[in-house]
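Q: kindly return the folded structure for what I paste below:
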Amino acid sequence: MLRRSSRRAVCALAVGATAASLMGCSVPNAKAPDLREFSGAYEGPPITLEFWNGFTGGDGPYIRQMIADFEAEHPDIDIRPTTQEWGDLYQKLPAASFAGAGPDVGVIHVEQIGTMVVRNVIVPLDDLASALDLDADDFSEQVWQAGEYEGSRYGIPLDVHSLAMFYNTEHFEAAGLTEPPTDAESFREALDALQAAGYENPFWMPSLWPAHLIDLSLLWQGGGEPYSEDGGEATWGSPEGVAGLEWMRSMVDEGFSPDSVAIDSQYVAFKNGENSITWDGIWQINDLKDSGLPFAAAPIPAVGGEPAMWANSHQFVLGRHALTDADRADAAKTFIAWMSENSAEWAGAGMIPARASVREETMPGSVQEPIAEQIDAMRFLPSIPGVGAIQADTLEIAVATAMLGNAAPGAALDTEAARASAQLQANLERFGE
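A: Got it, this is the predicted structure:
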């Protein structure tokens, strides 16, 4: 589950774990044994697979139900899940793989793929995609491409989960608003109408999490990119990036948001009916449902120009341990294939299934349906080795510095982009061709 606490833990631990591991000794690039071509099904003897994941929250029951359903259909394959916080997972994976005790199958976030490839933790899944005729036609092009690294496929997408705009439907009704805003003009008009209806601070702009995800979304909306194509430079200090962060700060300066919004405060305030709009992840859907708040969800408005929003994806990966023998490899690939094909259950966790065929089955009438309709506008971080750790140590600091009023947006971005570029270049020199 992409809970606020677990996502922060990822960022905090990744700085120490991922960055350190990238600069340390590499995991040996063990040559895989000769394995038979995957036929699309498992026909071997009874076997137990180790499955590592970070679904520690409200999404846990859904993945456990999917595992139980898989085992009922595949009595010869026993799945032994190891569930831990995402930060712990990413810290332990390289060491476990080095020791030959890593998982057969795992789920990781898409921006971790490059890191886990260069650490020799995960192995390609091209033959699985080929055997099952998996391609971009049944996935959005963005999420399908995000599972590749240097021309090989390492991830099979389970879902996409993005930022969304949540709005209080009672507040909107009181302000005479009948539709969610979709661009800069209609968003400003909505804020003005909400203030006129008595909601003094209708939109709290966070200073910390998930402020940098909002910043990235606005950068993409303006036509910018956060990193150079070769992965050696942070480019979020571009004019598009500065414009986005300036807009974020303007929400405070113009009185729509209070100043110095502490982490999670904007979400708690929304859940308590204190503000009218919040931008947060769709992983909050079930929590908001449980709260009884009258709310609806929509894509974040294209205030920067074109529709775009930060997104991530849980992707199934094949651990190096699965290559110890052909039966283990086939069983692991069978598990990944089944979980992808039968991911309708996963929509209940508040996520958007990656497969178009499953979305057609599960999204109509759901809270996340309006966001799923804009899946082609979702943007993913590139699979640059170490990018998660570097970004947590630089971009998040730049955004917080500007949002707290301690530096102008351009200056804050320039300072941290220079630090990020130095770290990216070091990784590129170490792991690049």
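
Q: any buried residues in stretch 332-342, and which?
A: Within stretch 332-342, the residues scored as buried using 16 or more other Cβ atoms under 10 Å are 332-340. (Each C-beta comes from the backbone N, C-alpha and C, glycine too.)

Q: kindly report the same for stretch 316-336.
A: 316-323, 327-336.

Q: pLDDT on that stretch, on average?
A: Over the span of stretch 316-336, the pLDDT mean works out to 93.

Q: widest-spaced pair of the buried residues of stretch 332-342?
A: 332 and 340 (12.9 Å; Cβ to Cβ).

Q: each with direction, which strands does the strand ranked longest in the chain pair with?
A: The residue-count maximum for a strand in the chain (DSSP state E) belongs to strand 159-168. Taking DSSP bridges as the criterion, strand 159-168 forms sheet pairs with strand 277-281 (antiparallel), strand 295-298 (antiparallel), strand 309-312 (antiparallel), strand 352-353 (antiparallel).

Q: tell me where the stretch 301-433 of the chain has helices.
A: Listed in chain order, the helices of the stretch 301-433 of the chain (DSSP state H, counting those that start in this stretch) span residues 326-341, 356-362, 369-372, 387-393, 395-403, 409-431.

Q: could you dump the fourth one to PDB, C-alpha only?
A: What that stands for is helix 387-393. Backbone C-alpha positions of helix 387-393 (Å, rounded to 0.1, in the frame of the first residue of the first chain) are rendered in PDB as follows:
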ATOM      1  CA  VAL A 387      16.800   7.900  -8.700                       C
ATOM      2  CA  GLY A 388      14.500   7.400  -5.800                       C
ATOM      3  CA  ALA A 389      17.200   8.100  -3.200                       C
ATOM      4  CA  ILE A 390      18.700  11.000  -5.100                       C
ATOM      5  CA  GLN A 391      15.300  12.600  -5.600                       C
ATOM      6  CA  ALA A 392      14.400  12.300  -1.900                       C
ATOM      7  CA  ASP A 393      17.700  14.000  -1.000                       C
END
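
Q: burial measure for residue 137, as a count.
A: Using other Cβ atoms under 10 Å, residue 137 has 10 other residues around it.

Q: how near is the spatially closest residue to it that is not a sequence neighbour to residue 157?
A: Distances taken as Cβ to Cβ, 6 or more residues apart in numbering put residue 356 closest to residue 137, at 7.8 Å, once the chain neighbours are dropped. Residue 356 sits 11 Å away from residue 157 when distances are taken as Cβ to Cβ, to the nearest Å.

Q: what does residue 75 give?
A: Applying Cβ to Cβ to residue 75 and residue 157 gives a distance of 27 Å.

Q: which of those two has more residues huddled nearby?
A: Neighbours per residue (other Cβ under 10 Å) separate residue 75 from residue 157, with residue 157 holding more: 23 against 8.

Q: I figured residue 293 hits residue 275, correct?
A: No - in this structure residue 293 lies outside contact range of residue 275 using Cβ atoms under 8 Å: 11.4 Å.

Q: overlap of the contact sets of those two?
A: Common contact partners of residue 293 and residue 275 (Cβ atoms under 8 Å, 6 or more residues apart in numbering): residue 168.

Q: more neighbours: which of these two?
A: Between residue 293 and residue 275, counted using other Cβ under 10 Å, residue 275 has the larger neighbour count: 27 against 16.

Q: now do that one, the pLDDT please.
A: pLDDT recorded at residue 275 is 97.

Q: please identify the helix or strand for it.
A: Using DSSP states H and E, residue 275 sits in no helix or strand.
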